[in-house]
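Asker: Need coordinates for the following:
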Amino acid sequence: MKRLFLIVTMISTIILLNASIFNLGKFFRNNAGVKQYNKNKYEKAEKNFNENAVKDPTDPKLQYNLGNAYYKNNKPEEALSAYQSALRNSKFKQKDKVLQNIGNIYYNNKDYGQALEAYKQSLKINPKNQDVKNNYELAKQMMQEQQQQQQQNQDNKDQKKDKEEQQQQQQQEQKKDENKEQEQQQMTQEEKEKKDEADEQLKALQEQEQNDLKEKQKAKSAGRAKGKYW
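Answerer: Numbers count the residues shown, from 1 in each chain. Prediction:
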């Protein structure tokens, strides 16, 4: 019995020591990461925060720190993922700051609708945050300008399309006119050829009639020459 008690005690001690070592290592890595972050050494800070987040993915503070490092290292997608992991923990007490940073990421990506929603959620938690209020108003203004620009672009696109359709219609009408003119010219040429042919036939007929008349006159003259003289 004593031996079993000693074994259980040793196992418990080992577990506690490992947990203490892990928590101690996490503390030092996080502390080092914070110092590096404050000195603008964001890549080194990201490395320490990431190691902590991998070993303890359920700790929202570690995810928040990692998200900040990602954000400073121009990794907005990774930052969003880390921030959202922090938000999923109901006990996390810095959700307003996370939402503010999420809003900033969306704002930088010109997704002003998502930015406004994130700022709004942040203000529900901490309505006294003036920075978030300012960002909210700025995002609102930028979204209005963006919508106006999109509408202007659409109007310009529609005008260009209308102009192209008008030009296409004019070209089609011009082509029809050209075809009609060609048909008229072709008809005029055919009529001219028919007239020339008719004139030639008439001329040939007249010449034939004249030749026939000459033959008749010639025959008549010959008959007179053979007659008797009294």
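Asker: For N74, which three-state class applies?
Answerer: Using DSSP: H, G, I helix; E, B strand; the rest coil, the structure places N74 in coil.
Asker: what's the burial count for it?
Answerer: Residues near N74, counting by other Cβ atoms under 10 Å, number 10. Where C-beta positions appear, they are placed from N, C-alpha and C, glycine not excepted.
Asker: Helix or strand for Q148, just tell me which one.
Answerer: Element membership for Q148, per DSSP states H and E: helix 130-225.
Asker: Can you give me the pLDDT of the residue most central in space within the chain?
Answerer: Centroid-nearest residue in the chain, with Cα atoms, centre = their mean: Q150, separated by 12.1 Å. Q150 carries a pLDDT value of 90.
Asker: Show me what the host helix or strand of N68 is packed up against.
Answerer: Assessed by DSSP H and E, N68 sits inside helix 60-72. The contact analysis (3 or more Cβ pairs under 8 Å, 6 or more residues apart in numbering; DSSP states H and E) places helix 60-72 against helix 2-38, helix 42-55, helix 76-87, helix 95-108.
Asker: Touching, Y107 and K140? I think so.
Answerer: No: using Cβ atoms under 8 Å, Y107 is not in contact with K140; the gap is 10.8 Å.
Asker: With neighbour numbers in mind, choose between those two.
Answerer: Neighbours per residue (other Cβ under 10 Å) separate Y107 from K140, with Y107 holding more: 21 against 14.
Asker: list the contacts for L123?
Answerer: Contact partners of L123, counting by Cβ atoms under 8 Å, 6 or more residues apart in numbering, are 96, 129, 132-133, 136.
Asker: Emit the PyMOL select command for whichever of these are buried.
Answerer: The following PyMOL line selects those of these that are buried, judged by 16 or more other Cβ atoms under 10 Å:
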select buried, resi 96+129+132+136
